[in-house]
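> From the sequence below, what's the structure:
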Amino acid sequence: MEFCRIHLDEVDSTNNYAANWLNMTKSIHPAVITARHQRYGRGQRQNHWLSEKNKNLTCSFIVFPQHIKLEKLGFLNKAVANALHRTLTNFISSKMDIKWPNDIWINGKKIAGILIENNWRSQSLQHSIIGIGININQIFPSDDPWCSMYSITNEHFEIEFILDQLQSQIKDQFGLLEQFNFQLIDEYYHQHLLKKNELVSFTMNGRQFSGTIQGVDEWGRIILRSKDGKNAFLHGEIVIQYP
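Below is the predicted model of the structure:
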């Protein structure tokens with residue numbers, strides 16, 4: 001898998017640009033869009049990703065995982081999370097966690113996030129746009145819920161080199177997807193899943209419950225075991241309170 005690279009100075013959102021570019025070009029080749037400054041980066045549930053110009057990696061990968069079936073879509077998310085986690089472990093020795101469904105956390109703070117937008121035709125996945133943001137050289141106040149590679153290591157990093165490493169990891173993880181090696185993807189993901197086998201509080205329909213995180217299934221649903229038994233939830237159906 002070789003990626004065409006498109007570098008932008010400024011854009012509202014690399015995911016938006018990727019979608020428009022794909023619509024105009026009708027390309028069938030993988031590509032990655034990067035921007036020195038992303039004005040209105042988007043996260044899950046319309047949250048915004050605020051990024052200082054020239055300090056962080058904001059990018060979107062365009063991929064064509066047409067062999068992935070709807071009932072295995074969770075493995076696409078897991079593969080991307082694994083690629084991002086593995087990239088960061090090349091530079092940071094601190095323990096990092098994959099926070100379901102789309103963040104990487106260090107010491108309870110967010111260092112990177114993912115937004116995947118899939119295009120379907122009937123039950124067939126046509127293409128995916130994978131938005132990734134990594135806080136690299138930006139400085140955050142100590143009481144912020146975010147951190148960066150610099151704030152963890154006190155070192156500056158070349159953003160282009162981080163992108164090279166991320167692209168390589170994306171390529172490797174998609175190789176596992178193409179080989180249907182879901183077990184290897186699953187093992188790494190669950191090894192680093194935040195609070196796995198631990199009791200957490202969560203809110204559903206305005207009511208608070210507690211349960212133990214068992215894992216994430218092939219649909220991308222988090223599995224919680226509570227006094228009522230084992231239940232699976234999609235993102236948006238519950239809110240987990242992490243300390």
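> To what extent is the nearest residue to residue 153 once chain neighbours are set aside buried, counted in neighbours?
The shortest distance from residue 153 to any non-neighbouring residue, by C-beta to C-beta, 6 or more residues apart in numbering, is to residue 92 (6.2 Å). Yep, even glycine has a C-beta here, placed from its N, CA and C like the rest. Other residues near residue 92 number 16, with proximity taken as other C-beta atoms under 10 Å.
> Could you point out the helix or strand that follows the helix or strand bottoming out on mean pLDDT in the chain?
Lowest mean confidence among the helices and strands of the chain (mean pLDDT, DSSP states H and E): strand 48-49, at a mean of 54. Reading on from strand 48-49 to the C-terminus, the next helix or strand found by DSSP states H and E is strand 57-63.
> who's in contact with that following strand?
1, 3, 14-15, 17-18, 21-22, 27, 30-35, 37-38, 41, 49, 51, 127-134, 136, 159, 162-163, 166-167, 170, 174 (C-beta atoms under 8 Å, 6 or more residues apart in numbering).
> Out of these, which end up buried?
The neighbour count (16 or more other C-beta atoms under 10 Å) marks 3, 14-15, 17-18, 21-22, 30-35, 37-38, 41, 49, 51, 127-134, 136, 159, 162-163, 166-167, 170, 174 as buried among these.
> What residues are bridge-paired with residue 10?
According to DSSP bridges, the partner residues bridging residue 10 are residue 37.
> May I ask you to name the longest helix in the protein?
Under DSSP state H, the helix in the chain containing the largest number of residues is helix 159-178.
> Following the chain onward from it, which element is next?
Using DSSP H and E, the helix or strand that follows helix 159-178 in sequence is helix 182-191.
> Report the inter-axis angle for that next one versus helix 159-178.
130 degrees (axes from the mean of the first three to the mean of the last three C-alpha atoms, to 10 degrees).
> Buried residues, whatever helix or strand comes next after helix 182-191. List them.
Sequence order places strand 199-204 as the next helix or strand after helix 182-191, per DSSP H and E. Across strand 199-204, burial judged by 16+ other C-beta under 10 Å covers 200, 202.
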